[in-house]
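Enquirer: for reference, the sequence and a predicted model appear below.
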Amino acid sequence: MKLKKLWKPSDDLGEYGLQLFKRIGPLLIKSESLTKFDCEAFETLCRDYELMRNADYEMKIDGVTIKGERNIKKKHPAFPVWKVAHDNYVALLKHFGLSPGARGLKLEAKETVKKNEKERFFMD
């Protein structure tokens with residue numbers, strides 16, 4: 001069942017999650033990619049984005065590693081939160097067709113023009 005308009009989001013989406021909800025939700029409705037059955041999955045996408053952004057912010061402040069016992073560096077405690085949220089977020093992006101691969105676009109590297117010996121000598 002296709003949706004005609006965006007529903008009122010949950011109060012716990014957070015600032016970044018709400019921004020994503022308001023920015024992407026209408027586009028998904030317009031493209032008819034969002035149904036009544038997808039509401040929870042779309043809000044989960046927004047929550048994962050919120051968690052990912054907040055964990056990223058914490059790591060930017062403190063660094064990716066922090067000092068643990070006896071001043072031994074260890075992974076920031078926010079990293080596992082970021083990793084799980086990121087993995088869920090990427091999976092849900094694919095579900096909603098919000099990545100190039102999910103839309104069937106193939107990104108190919110530009111072909112490099114091979115130069116002969118004379119061109120390499122004068123061009124490089």
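Expert: Ah, there it is.

Enquirer: so which elements touch the longest helix seen in the chain?
Expert: Looking across the chain with DSSP state H, the single longest helix is helix 39-62. The contact analysis (3 or more CB pairs under 8 Å, 6 or more residues apart in numbering; DSSP states H and E) places helix 39-62 against helix 14-30, helix 78-95. (C-beta placed from N, C-alpha, C; glycine too.)

Enquirer: ok, and what's touching the last one?
Expert: Right, the one you point to is helix 78-95. For helix 78-95, contacts defined as CB atoms under 8 Å, 6 or more residues apart in numbering pick out 41-42, 44-45, 48-49, 51-52, 54-56, 58-59, 62, 64, 99, 101-102.

Enquirer: kindly recompute the last result at 7 Å.
Expert: 41, 44-45, 48-49, 51-52, 55-56, 58-59, 64, 99, 102 (CB atoms under 7 Å, 6 or more residues apart in numbering).

Enquirer: in TSV: the residues you listed, plus neighbour count, distance to residue 1 and pLDDT.
Expert: Below are the contacts of helix 78-95 laid out as TSV (neighbours: other CB atoms under 10 Å; distance: CB to CB, whole Å; pLDDT from 0 to 100):
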residue	neighbour count	distance to residue 1	pLDDT
41	13	14	95
44	16	19	96
45	26	19	97
48	22	24	97
49	25	25	97
51	21	29	97
52	22	30	97
55	21	35	96
56	17	35	96
58	16	39	95
59	19	40	95
64	12	44	88
99	12	25	83
102	12	22	77
